[in-house]
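sharing a sequence plus its predicted fold:
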Amino acid sequence: MAEKLVFVTVGTTRFDALIEAVCSQDCIRALKKKGYNRVRVQVGRGEARPSFDRLDGVEIEWYDFKPSLERDILNAALVIGHAGAGTCMEVLEANKPMIVVINETLADNHQFELAERLFADGHLLYTTTSKLTEVVSNMDISNLAPYQSGNPSLFSSFLDKALGFE
């Protein structure tokens, strides 16, 4: 069977709740039902690690950091990640389907506004850690609209609107 990779990233942050949610047995099984057979997790600065390296035929691997996540993003059939603007744009510009998981513990959480706007525009799915398995189980990534990259001033304008500065 060909590899169907899910890449999970928290960027340079600490987001243990995301790592724990995506590496739960229920979430791994939901990913398997969707046809994924490998999960690669970039854990960042956090302490959470996958507690197994294989479950029901799904291989799970992890690392802290790499100089670039580009290869993992390009090899992924699905990316699950935090809602950092840089991560979202890198994934969307690579034309990869994405589930953004909001870190609800952040004060002054701009991640929600960004994820909500990109979802409203049809570019990605978003959720919280407690609903991740449900979103994976019910997702249909074939309906996601490609993100049109290009003019950086359009992105900065988009961010200003999403964050309420405009």
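Alright, I've got the coordinates. Values in this document were obtained by computation on a predicted structure and should not be read as measured data. Numbering: from 1, shown residues only.

and Gln25, how many neighbours does it have?
By other CB atoms under 10 Å, 12 other residues sit near Gln25. No exception for glycine: its C-beta is placed from N, CA and C like everyone else's.

which residue is the nearest non-sequential neighbour of it?
Leu55 (6.2 Å; CB to CB, 6 or more residues apart in numbering).

equivalent analysis for Ala83, please.
Nearest non-adjacent residue to Ala83, counting by CB to CB, 6+ apart: Gln111, 3.4 Å away.

please apply the same query to Glu104.
Closest to Glu104 by CB to CB, 6+ apart is Thr128, at 5.8 Å.

pretty sure the one you found contacts Val100?
No: using CB atoms under 8 Å, Thr128 makes no contact with Val100, being 10.1 Å away.

when these two are compared, which one has more neighbours?
Taking other CB under 10 Å, Thr128 and Val100 do not tie; Val100 has more neighbours (25 against 15).

that one is in contact with His82, isn't it?
Yes: counting by CB under 8 Å, Val100 touches His82, with 7.3 Å between them.

residues that sit against both of those two, list them.
Common neighbours of Val100 and His82 are listed as Gln111 (criterion: CB atoms under 8 Å, 6 or more residues apart in numbering).

rewinding a little: distance check, the residue nearest to Glu104 against Met139.
Separation of Thr128 from Met139 (CB to CB, to the nearest Å) stands at 15 Å.

and Phe119, by the same measure?
Per CB to CB, Phe119 is found 12 Å from Met139.

same check, this time on Glu47
Noted for Glu47: a distance of 28 Å to Met139, by CB to CB.

between these two, which one's more packed in?
More crowded of Glu47 and Met139, by other CB under 10 Å: Met139, with 17 against 8.

for the closest residue to the more buried one other than its chain neighbours, give me phi and psi.
In space, Met139 comes closest to Leu125 once its chain neighbours are excluded; the distance is 5.9 Å by CB to CB, 6+ apart. With angles defined as degrees, to the nearest 10, Leu125 sits at phi -110, psi 150.

roughly how far does Leu125 sit from Asn95?
Relative to Asn95, Leu125 is positioned 15 Å away (CB to CB).

neighbour count winner among these two?
When neighbours are counted by other CB under 10 Å, Leu125 and Asn95 differ, and Leu125 comes out ahead with 23 against 11.
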